[in-house]
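# coordinates only, sequence not included:
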């Protein structure tokens, strides 16, 4: 189970991390998202009241941070300190909701609410994948580490078609593996293992296959640029909270607006996920802990706000 949870956490974190990197011009990176996911996961696993609840980043948060970057960039506001202030406000709102038993309203959420939210996340995943594939056809010279001259358009097509081929193959192979439980060959436990762990295995297979394209300029096909967690470019921003003084007084109060948006998203996402983790089929012996686990979000948000990873 731990391996399964690891893959279901790390693969979306990498995907969303690349989106963060693109939407914020490198202010937030894959390493940043992995670090924040690890912080939330450690807090939940050690102190959480609902053991089946997995804490991680969600697609709507990428959209919020994209808006924050555009807003701060156009108004000459320091991006990271503004995000840190936003998370501090968010933590305060989480604390108030938990203290006032605000999670009680989860009883009015139906299974339809959870399924609708899950469908939204799935659609956003598809939309992000399509955007990513389109971008593979639109590289510029800065994305390629060699001078390709007038052949840039050709290499754009090569990179885009190769990405399209890999994406289609990955999708089809993952769907094939997920349906392994209905196969008529292999014993039951083997089919179950393939169904559960097939998609991560498919990612590994097609990552290796991506190296089959050779004799191309350096940078074709495009690969992720991931820094080590202790690289100076990453650790240099761990003390973002010390830069809050760079914010103007009105900026501090403006940060309340995105904090409200994030709080609403977290309230719905966290509690619906918690509700799905409490279904009778799981036969859990201990009662749910909605308010307590929502309070734990305060602890994780406070740490992330201090470091702004």
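Sure thing, it's come through. Worth saying up front: this structure is predicted, and the values here are computed from it rather than measured.
# roughly how far is the lowest-mean-pLDDT helix or strand in the chain from the heart of the chain?
Least confident helix or strand of the chain, by mean pLDDT, DSSP states H and E, is helix 232-235 with a mean of 71. Averaging C-alpha positions (C-alpha atoms, centre = their mean, to the nearest Å) puts helix 232-235 20 Å from its chain's average.
# again with stretch 219-238
The chain centroid and the centroid of stretch 219-238 are separated by 16 Å under C-alpha atoms, centre = their mean.
# likewise stretch 133-152?
27 Å.
# Helices of the stretch 51-200 of the chain, residue ranges please.
Applying DSSP state H, counting those that start in this stretch to the stretch 51-200 of the chain gives helices spanning 59-74, 79-99, 111-135, 152-178, 188-209.
# got the contact list for stretch 162-177?
With C-beta atoms under 8 Å, 6 or more residues apart in numbering as the contact definition, stretch 162-177 has outside contacts at 129, 133, 136, 194-195, 198-199, 201-203, 205-206, 209-210, 213, 221-222. The way it works is simple: take the backbone N, C-alpha and C, and place the C-beta from them, glycine included.
# hmm, which of these are the buried ones?
136, 194-195, 198-199, 202-203, 206, 221 (16 or more other C-beta atoms under 10 Å).
# Just give me the closest of those residues to residue 16.
Nearest to residue 16 among the buried ones among the contacts of stretch 162-177, counting by C-beta to C-beta, is residue 203 at 15.0 Å.
# Touching, the closest one and residue 11? I think so.
Yes - here residue 203 lies in contact with residue 11, judged by C-beta atoms under 8 Å, at a distance of 6.6 Å.
# Buried residues in the least confident helix or strand of the chain, which are they?
Of the residues in helix 232-235, those buried by neighbour count under the rule 16+ other C-beta under 10 Å are residue 234.
# do stretch 2-16 as well
Those would be 9-10, 12-16, for stretch 2-16 by 16+ other C-beta under 10 Å.
# Format these as CSV; extra columns: pLDDT, distance to residue 110 and secondary structure.
Output for the buried residues of stretch 2-16, formatted as CSV (pLDDT from 0 to 100; distance: C-beta to C-beta, whole Å; DSSP: H, G, I helix; E, B strand; the rest coil):
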residue, pLDDT, distance to residue 110, secondary structure
9, 81, 27, helix
10, 84, 31, helix
12, 82, 25, helix
13, 84, 29, helix
14, 85, 33, helix
15, 83, 29, helix
16, 83, 28, helix
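# Adding distance to residue 35, write the residues you listed out as JSON lines.
Shown next, in JSON lines, are these (distance: C-beta to C-beta, whole Å):
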{"residue": "9", "distance to residue 35": "13"}
{"residue": "10", "distance to residue 35": "12"}
{"residue": "12", "distance to residue 35": "15"}
{"residue": "13", "distance to residue 35": "9"}
{"residue": "14", "distance to residue 35": "12"}
{"residue": "15", "distance to residue 35": "16"}
{"residue": "16", "distance to residue 35": "13"}
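# which one of those is nearest residue 152?
Among the buried residues of stretch 2-16, and counting by C-beta to C-beta, the member closest to residue 152 is residue 15, at 26.9 Å.
# Distance check, that closest one against residue 58.
12 Å (C-beta to C-beta, to the nearest Å).
# Near the nearest residue to residue 251 once chain neighbours are set aside, how many other residues are there?
Nearest residue to residue 251, sequence neighbours excluded (C-beta to C-beta, 6 or more residues apart in numbering): residue 77, at 5.4 Å. By other C-beta atoms under 10 Å, the residues close to residue 77 number 19.
# which residues touch residue 77?
Residue 77 neighbours (C-beta under 8 Å, 6+ apart): 71, 247-248, 251.
# What subset of those is buried?
Looks like the contacts of residue 77 have 247, 251 buried, using 16+ other C-beta under 10 Å.
# Just to be sure, which of the contacts of residue 77 are found in helices?
If you go by DSSP state H, these have 71, 251 in helices.
# which among the contacts of residue 77 gets closest to residue 35?
Nearest member of the contacts of residue 77 to residue 35, counting by C-beta to C-beta, is residue 247, at 23.1 Å.
# low pLDDT regions in the stretch 1-150 of the chain?
Within the stretch 1-150 of the chain, the ranges that satisfy pLDDT under 70 run 1, 51-52, 142-143, 145.
# what's the closest non-adjacent residue to residue 10?
Going by C-beta to C-beta, 6+ apart, residue 10 has residue 34 as its nearest residue, at 7.1 Å.
# what separates the host helix or strand of the one you found from the chain centre, distance-wise?
If you go by DSSP states H and E, residue 34 is part of helix 30-47. Averaging C-alpha positions (C-alpha atoms, centre = their mean) puts helix 30-47 11 Å from its chain's average.
# Helix 59-74 and that helix, what's the angle between them?
130 degrees (axes from the mean of the first three to the mean of the last three C-alpha atoms, to 10 degrees).
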